[in-house]
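Student: Pasting the sequence and the predicted model now:
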Amino acid sequence: MLFLSWLLFISFASLFSFNGEMISPRLNIPHIDKLVHFVFYFGLVVLAAKAAKEISKGILKPGKTLMYIVVFAIVYGILIELLQYGLTENRHGDVLDVLANSLGAVTGMLVAKRLVFKDWSLK
């Protein structure tokens, strides 16, 4: 399942310490890591919504499903940042990363509402 693969990828990318040689020195864009966090959690929510719809065969209510997915993504992002702070030597937890994760998750919910659950209205 693509959702679980993406979740594992986020976990690995967040908890593995990359040395300076693995990242191109020409790529020096300030705060690009916040964009990466946003994209990771945006994708997480969209993929989770798609998986939930496919697994439930449309039985789940879109509003509650998306809310649970967003809460999971935000809590997961906080947990990853806490693990970075407590378990890794070269990584550190960052409140701004949590904010970028959360914004990505909420934006992913809005996109998933339109793309995955096309028939869902705001009523």
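Tutor: Arrived safely, thanks for sending.
Student: going forward, measure contacts between C-alpha atoms and count neighbours the same way
Tutor: Noted.
Student: Dihedrals phi and psi, G58?
Tutor: With angles defined as degrees, to the nearest 10, G58 sits at phi 80, psi 10.
Student: Just want the most central residue of this protein.
Tutor: Y41 (1.7 Å; CA atoms, centre = their mean).
Student: Just the element for G108, please.
Tutor: Here G108 sits within helix 95-115, counting by DSSP states H and E.
Student: what helix or strand is the residue nearest to the centre of the chain on?
Tutor: Using DSSP H and E, Y41 sits within helix 32-56.
Student: go on, R91?
Tutor: For R91, there is no enclosing helix or strand under DSSP H and E.
Student: Skipping adjacent residues, who's closest to it in space?
Tutor: Taking CA to CA, 6 or more residues apart in numbering, and ignoring the residues beside it in sequence, R91 has Q84 as its nearest neighbour in space, at 5.6 Å.
Student: And for the lowest-mean-pLDDT helix or strand in the chain, what's in contact with it?
Tutor: For the chain, counting by mean pLDDT, DSSP states H and E, helix 2-15 ranks last in confidence among helices and strands (a mean of 88). Taking contacts as CA atoms under 8 Å, 6 or more residues apart in numbering, the residues outside helix 2-15 that touch it are F40, G43, L44, L47, A48, A51, I80, L83, Q84, T88, R91.
Student: how about I29, secondary structure?
Tutor: For I29, the assignment made with DSSP: H, G, I helix; E, B strand; the rest coil gives coil.
Student: ok, back up a step: tell me who's in contact with the residue nearest to R91.
Tutor: Q84 is in contact with S14, L15, R91, H92, G93, counting by CA under 8 Å, 6+ apart.
Student: buried subset of the contacts of helix 2-15?
Tutor: For the contacts of helix 2-15, a burial check counting by 16 or more other CA atoms under 10 Å picks out F40, G43, L44, L47, A48, A51, I80, L83, Q84, R91.
Student: Surely the third one is in contact with V106?
Tutor: No. Under the criterion of CA atoms under 8 Å, L44 lies out of contact with V106, with a separation of 10.7 Å.
Student: Share the number of residues neighbouring V71, please.
Tutor: 15 (other CA atoms under 10 Å).
Student: Much appreciated, bye for now.
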